[in-house]
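Visitor: Next comes the sequence, and after it the predicted model I'd like to discuss.
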Amino acid sequence: MTTALIDRPVSGPSGTVPAPDRSDGLLVVDDHPVVLGGVRSLAGQAGFRTIHEATDIVSGYRVFHRHRPPLVVTDLSFRDSGLSGLSLIRRLKALEPEVRILAFSMHADPIVVARALEGGALGFVLKDAGSGAFLDALAAVKAGRVSLPHALATEVAMLNRTVRPAPLATLSVRELQILSLMSRGKSYEVIADTLSVSYRTIVNASALMRSKLGVQSRAGLIQIAVEQRASGAFAD
């Protein structure tokens, strides 16, 4: 779904239609209608005239490909596809390296946030941080500055300095997606279909995750996934 607050070009004095100004364009990707409405309202207050919306990563990529807004705000977790927001960030940066991306979520696991930054996001903000914090983060990312809550920035910076790494620190973006879906009780077949990869790819990735996380069985891997979900690493 795409919503433009001003979506009809205005004719110039000669009757010609000027080229669209994308300098204030924004794409918001989130699967919660209330969140979309709230971001739309705040973005309007911040002066954005054209706001595009998408409720999943596939439509989000398509809308971005069509309109190429310079700024994107995206959730990291989607109900049916785990941490697919991480993949969306990477795909958008591959398509348009200059795009500036603000990630937001209900949970602030430093490992997930670090993966978002590694993928190309410039900032992160919690959904319940308040309108002022969101607008500050939006303005910073639009200006090309990194924006992270101070406490979270410290946690992210310390990830590689801890004597004992956090359980998820060694996992790739794809492995985090798989583990997130496993925490929801998804089978290998369903995960493969969700991520549009082969069943064998999921089996191989799971074997590698077991090695990285030091567990011997699929049951042990699922237990870690469930524990991480309970701790807030994988938001709904």
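Guide: Yes, it's here.
Visitor: Which strands and helices lie in contact with the longest helix along the chain?
Guide: If you go by DSSP state H, the chain has its longest helix at helix 199-213. Packing partners of helix 199-213 (3 or more C-beta pairs under 8 Å, 6 or more residues apart in numbering; DSSP states H and E): helix 173-182, helix 188-195, helix 218-230. In short, each C-beta sits where N, CA and C put it, glycine included.
Visitor: Please tabulate these in TSV, including the columns distance to Asp56.
Guide: Below are the helices and strands packed on helix 199-213 laid out as TSV (distance: least, C-beta to C-beta, whole Å):
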stretch	distance to Asp56
helix 173-182	14
helix 188-195	11
helix 218-230	21
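Visitor: tell me the most buried of the ones you listed?
Guide: Highest mean neighbour count among those (mean count of other C-beta atoms under 10 Å): helix 173-182, with a mean of 23.
Visitor: which other helices and strands contact that one?
Guide: helix 84-95, helix 110-119, helix 188-195, helix 199-213, helix 218-230.
Visitor: Between helix 110-119 and the last one, find me the angle.
Guide: In this case it means helix 218-230. 90 degrees (axes from the mean of the first three to the mean of the last three C-alpha atoms, to 10 degrees).
Visitor: ditto for the first one
Guide: With the same axes, to 10 degrees as the basis, helix 84-95 and helix 110-119 are set at 10 degrees to each other.
Visitor: same question, the third one
Guide: Between the direction of helix 188-195 and that of helix 110-119, the angle (the same axes, to 10 degrees) works out to 40 degrees.
Visitor: Distance check, Gln216 against Arg115.
Guide: Distance, Gln216 to Arg115, by C-beta to C-beta, to the nearest Å: 26 Å.
Visitor: any idea which element Val197 lies in?
Guide: Per DSSP states H and E: Val197 is located in neither a helix nor a strand.
Visitor: Leu27: which of the helices and strands packed on helix 199-213 is closest?
Guide: helix 173-182 (20.3 Å; C-beta to C-beta).
Visitor: Now the closest one: average pLDDT?
Guide: Averaged across helix 173-182, the pLDDT comes to 85.
Visitor: neighbouring contacts of that helix?
Guide: 77, 81-84, 86-87, 90, 111-112, 115, 119, 168, 171, 190-191, 194-195, 202, 205-206, 208-209, 212, 221-222, 224-225, 228-229, 234 (C-beta atoms under 8 Å, 6 or more residues apart in numbering).
Visitor: now that helix: how far from the chain's centre is it?
Guide: On the basis of C-alpha atoms, centre = their mean, to the nearest Å, helix 173-182 sits 14 Å off its chain's mean C-alpha point.
Visitor: Hey, what's the angle from it to helix 84-95? Just curious.
Guide: Using the same axes, to 10 degrees: helix 173-182 against helix 84-95 is 150 degrees.
Visitor: returning to what we had before: redo the helices and strands packed on helix 173-182 as TSV? Include mean pLDDT and distance to Leu126.
Guide: Below are those laid out as TSV (pLDDT from 0 to 100; distance: least, C-beta to C-beta, whole Å):
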stretch	mean pLDDT	distance to Leu126
helix 84-95	89	14
helix 110-119	85	10
helix 188-195	88	26
helix 199-213	89	27
helix 218-230	79	18
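Visitor: Make TSV from these and add distance to Val63 to it.
Guide: Output for the helices and strands packed on helix 173-182, formatted as TSV (distance: least, C-beta to C-beta, whole Å):
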stretch	distance to Val63
helix 84-95	11
helix 110-119	19
helix 188-195	21
helix 199-213	28
helix 218-230	29
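Visitor: between Gln216 and Arg115, who's got more neighbours?
Guide: The residue with more neighbours, out of Gln216 and Arg115, is Arg115; 24 against 9, by other C-beta atoms under 10 Å.
Visitor: Please parse the protein into its domains.
Guide: Annotated domains of the chain cover 25-159, 173-230 [automatic domain parsing].
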